[in-house]
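Undergrad: pasting the sequence and the predicted coordinates here, then a few questions.
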Amino acid sequence: MQTSEQDGILFVRLFPGEDVPACLSDACRKHAIVSGALVCGIGMLRGIELGYFDRSAGRYESHSFPEPMELVSMNGNIARDGDGIMVHAHAALAGRDGRMVGGHLSRATVEVTAEIVIVRSTVPASRKIEGEAGLKGLFLDE
């Protein structure tokens, strides 16, 4: 992983075999980002697991895509989660035939490259379990 930050904008470059969610968390910790926006991500990934939040069950339903797919778009946010941080990322991916899939990015490994941009924020935000849905929602701390 390579990272470089200037003026609150962090560029992250991931290489083949790297774990995308783990590297995003590591990059935020390395640059002390506790609040921010994941504004874009492109590349090629494999071993992908996307989630769809099933509100009635109060959990994510997982869908696996082992074959390499183009990362067409990735976005999300970063907020405090207890003593750490949580990178909440969603991704849109395309297969060889051009068909798209998308959802909450739970797992993925870089196949060729991943090029990601994160913008640091000073907005104090945190993740807390929302009673009814059971989802860790984003709360803006005042």
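TA: Great, that's in hand.
Undergrad: what segments of the chain are strands?
TA: 2-6, 9-14, 36-54, 59-65, 69-81, 84-94, 100-120, 125-129, 136-140 (DSSP state E).
Undergrad: list the contacts for the spatially most central residue of the chain?
TA: The residue lying closest to the centre of the chain (C-alpha atoms, centre = their mean) is residue 89, at 2.6 Å. In this structure, residue 89 makes contact with 20, 21, 24, 38, 41, 74, 75, 76, 104, 105, judged by C-beta atoms under 8 Å, 6 or more residues apart in numbering. Placement of C-beta: from N, CA and C, glycine included.
Undergrad: I'd say the third one and residue 87 touch.
TA: Yes: in this structure, residue 24 sits in contact with residue 87. The criterion is C-beta atoms under 8 Å, and the distance is 4.6 Å.
Undergrad: number of residues surrounding the closest residue to residue 101 other than its chain neighbours?
TA: Among residues not flanking residue 101 along the chain, residue 93 sits closest, at 5.5 Å (C-beta to C-beta, 6 or more residues apart in numbering). Residue 93 has 23 neighbouring residues, counting by other C-beta atoms under 10 Å.
Undergrad: residues in contact with residue 42?
TA: With C-beta under 8 Å, 6+ apart, residue 42 has these contacts: 71, 72, 73, 74, 114, 115.
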